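*Asks:* Predicted structure and sequence below. I'll ask about it afterward.
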There are 2 protein chains.
Amino acid sequence: MFRKISVVGVGLIGGSFALALKKAQAVEQVMGVGRSQAVLARAAELGIVDRIATSMEEAVDGADLVLIATPVAQTGAILAALAPFLQPHTIVTDAGSTKGDVVAAARLALGSKIGQFVPGHPIAGRESNGPEAALADLYVGKKAVLTPLPENTTAAVERVASAWSACGAIVHRLSARQHDRIFAAVSHLPHLLAYALVDQIDRAPEAALLFQYAASGFRDFTRIAGSSPEMWRDIALANRAALLAEIEGYASQLARLKTMLAVADGEGLQAMFANAQRARQAWQGAIEAAEKQPNTGGD
Amino acid sequence: MFRKISVVGVGLIGGSFALALKKAQAVEQVMGVGRSQAVLARAAELGIVDRIATSMEEAVDGADLVLIATPVAQTGAILAALAPFLQPHTIVTDAGSTKGDVVAAARLALGSKIGQFVPGHPIAGRESNGPEAALADLYVGKKAVLTPLPENTTAAVERVASAWSACGAIVHRLSARQHDRIFAAVSHLPHLLAYALVDQIDRAPEAALLFQYAASGFRDFTRIAGSSPEMWRDIALANRAALLAEIEGYASQLARLKTMLAVADGEGLQAMFANAQRARQAWQGAIEAAEKQPNTGGD
């Protein structure tokens, strides 16, 4: 149970966290922090926050937990702004899509208070953004990954884990390095590949004709190319080492495909396609089975 | 209005064609042709076909129109089998995903009767296959592309167009070459890219861990990697010239991404992502607007 939680960035991710904790009756007061008064006022109207902080000092004062749910590139500056007011009992966490860069920025901003920062990443989202998009059940059954630091106390990590469990999420723990490698492969690379395909078609001399015949396969494959360019620029830059390794691997896959097509190696093509189909179906099956499990809230 | 139509391959594509024409009261009798008696019997049970042909001769005899809706690699053999029985008034069409190879096979199989073959490709599908998956409204509002041959009479092309219009489809005309180039870019390449990504993740030492964290972006991006490996091997081989050109282009896109990441060119990444987002949103908008138009059945 939290008495006061402050949420920096009251959009989809931060707003849903606040709504979920309120629904679970796990928090007494939620304070909203942000740069836009209009967005904060809207969040108050929607019952996401109970009070709006007029300064970082007010936001941090007496807070049990601070969640930073802004674009990931702002995390360092926000931590630096709140560091002077950080009381010993307050725990800070974040919701950024990359962790290595956030940890580096946090060390710089927090110095000897780094043990109070527990890095996190809830794996949930929607197409829409802003406080209007926030949902009390956004995290139900979804993963929340924590990448604890050596300086974190077990109690601090447990406290953050308990907040995500109260939101209905399943808490997982990884190292920041593991996290960034995993998400480079299964999330960041696919986003870049989808952007690259749409950009390629758009640059073709016959672009209008090509788009005219694009159908449902194209629609699903490129859905993530509708994502925010600024957000994905930041993620790509923040995780570029891991992402470069994945792109290298993918370039080898393309080279394999090219060779198999050039020599009309039907057996080789079918073997790759069949392996992918089998793996995709196994993954889908595992996901569906997991979604049928009751959410125990453990990790 | 057709008196007798024969459908070779009474699965999703052929079965839906038959059901749609029956619903539109555009056909008196549908005859089913195929290798599996069980599938044909099921199609008869489901009201897709009125009679089952016991020979290719019986199937073709007196037919106004023959639709070949089998895997595309079988088209040549089927055309060769029906050629000897082809009467002058009968028109043959197909539903294959590639057209250059089908036209070449048709010329070989039909010889001087090539003018009776009007190549086609309805742009519609479902996850499931077989006669059970067939739907009378599968083609409503969808595109049906015809790639007429110089030898086709206007009347023959119109006749095939009228059948697809009766199914609710919007008839488009392209050259076989245009068709294959377009679908290499917007359909065949994305399928290969999705297979390649899933195969890459599955081959990673930490594959199980990677799949565990794959979420909704991965799900949509890789949905088409669940498609039939045999079918996509055939399509890839049939259209390999156009597909190789698209893969070359995509390899250049990957090289651009690699360079931008290596030198941390945030502006360049954002420019590519923003162009793709804009193009994707414009495409989505155009698709949604088109879906709101009443289906006029014209082309």
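*Replies:* Yep, that arrived.
*Asks:* can we go C-alpha only for contacts and neighbour counts from here?
*Replies:* Will do.
*Asks:* Grab the nearest non-local neighbour of the residue of the stretch 151-299 of chain A found nearest chain B.
*Replies:* Residue of the stretch 151-299 of chain A nearest chain B, by CA to the nearest CA: A:Phe221 (4.0 Å). Excluding its sequence neighbours, the residue lying closest to A:Phe221 (CA to CA, 6 or more residues apart in numbering or on different chains) is B:Phe221, at 4.0 Å.
*Asks:* unless I'm mixing things up, the one you found is touching A:Ala225, no?
*Replies:* No. Applying CA atoms under 8 Å as the test, B:Phe221 and A:Ala225 come out as separate, 9.9 Å apart.
*Asks:* Identify the contacts common to the two.
*Replies:* A:Ala194 (CA atoms under 8 Å, 6 or more residues apart in numbering or on different chains).
*Asks:* Which parts of chain A are helices?
*Replies:* Remark: helices assigned in chain A by DSSP state H are A:12-23, A:37-45, A:56-60, A:75-82, A:100-110, A:154-166, A:176-183, A:189-203, A:207-213, A:216-221, A:229-238, A:240-262, A:266-292.
*Asks:* And the residue nearest the centre of chain A?
*Replies:* Nearest residue to the geometric centre of chain A (CA atoms, centre = their mean): A:Ser97, 3.7 Å.
*Asks:* And the pLDDT at A:Lys292?
*Replies:* On pLDDT, A:Lys292 comes in at 72.
*Asks:* okay, now it: neighbour count?
*Replies:* Number of residues near A:Lys292 (other CA atoms under 10 Å in any protein chain shown) recorded here: 9.
*Asks:* Could you do A:Gly32 as well?
*Replies:* Around A:Gly32 there are 28 residues (other CA under 10 Å).
*Asks:* and if you look at A:Thr222?
*Replies:* With other CA under 10 Å as criterion, A:Thr222 counts 26.
*Asks:* residue contacts, the nearest residue to it once chain neighbours are set aside?
*Replies:* The shortest distance from A:Thr222 to any non-neighbouring residue, by CA to CA, 6+ apart, is to A:Ala194 (5.1 Å). In this structure, A:Ala194 makes contact with A:Phe221, A:Thr222, A:Arg223, A:Ile224, A:Ala225, B:Phe221, judged by CA under 8 Å, 6+ apart.
*Asks:* among these, which two are most distant?
*Replies:* Farthest pair in those (CA to CA) is A:Ala225 and B:Phe221. Separation: 9.9 Å.
*Asks:* And these two? Which one has more around it.
*Replies:* For A:Ala225 and B:Phe221, the more surrounded residue by other CA under 10 Å is A:Ala225, and the numbers stand at 32 against 29.
*Asks:* Around chain B, pick out the residues from the stretch 1-150 of chain A.
*Replies:* Applying CA under 8 Å from any CA of the partner chain, we find that the stretch 1-150 of chain A lies next to chain B at A:Ile123.
*Asks:* Point me to the residue of the stretch 1-150 of chain A nearest chain B.
*Replies:* A:Ile123 (7.4 Å).
*Asks:* What is the burial count for that residue?
*Replies:* The number of residues near A:Ile123, taken as other CA under 10 Å, comes to 21.
*Asks:* I'd like to know which of the helices of chain A is closest to B:Leu65.
*Replies:* Per CA to CA, nearest to B:Leu65 of the helices of chain A: helix A:207-213, 26.0 Å.
*Asks:* is chain B contacted by the closest one?
*Replies:* Yes. Among the residues of helix A:207-213, A:Leu209, A:Leu210, A:Phe211, A:Tyr213 lie within reach of chain B under CA under 8 Å from any CA.
*Asks:* Considering those residues, which possesses the most neighbours?
*Replies:* A:Phe211 (23 neighbours).
*Asks:* Just to check, that one is in contact with B:Val186?
*Replies:* Yes. Between A:Phe211 and B:Val186 there is a contact at 7.4 Å, judged by CA under 8 Å.
*Asks:* Phi first, then psi, for the residue of chain A most remote from its centre.
*Replies:* Relative to the C-alpha centroid of chain A, counting by CA atoms, centre = their mean, A:Val263 is the outermost residue, at 42.0 Å. The phi/psi pair for A:Val263 (degrees, to the nearest 10) reads phi -100, psi 10.
*Asks:* per-residue pLDDT, it?
*Replies:* So, for A:Val263, pLDDT stands at 98.
*Asks:* And A:Leu244, by the same measure?
*Replies:* 98.
*Asks:* quick one: contacts for A:Met31?
*Replies:* With CA under 8 Å, 6+ apart, A:Met31 has these contacts: A:Lys4, A:Ile5, A:Ser6, A:Val7, A:Val49, A:Asp50, A:Arg51, A:Ile52, A:Ala53, A:Ala59.
*Asks:* quick one on the thing from earlier: my guess is the residue of the stretch 1-150 of chain A closest to chain B contacts A:Ala144, does it?
*Replies:* Yes. When contacts are counted by CA under 8 Å, A:Ile123 is listed as touching A:Ala144 (5.8 Å).
*Asks:* so how many other residues sit close to A:Ala109?
*Replies:* Quick note: A:Ala109 (other CA under 10 Å) scores 21 neighbours.
*Asks:* Nearest residue to it in space, please, no chain neighbours.
*Replies:* Per CA to CA, 6+ apart, closest to A:Ala109 is A:Ala80, 4.6 Å.
*Asks:* now swap in A:Gln29 and tell me
*Replies:* Among residues not flanking A:Gln29 along the chain, A:Lys4 sits closest, at 4.8 Å (CA to CA, 6+ apart).
*Asks:* wait, the one you found sits on A:Asp61?
*Replies:* No. Applying CA under 8 Å, one finds A:Lys4 not in contact with A:Asp61, separated by 9.3 Å.
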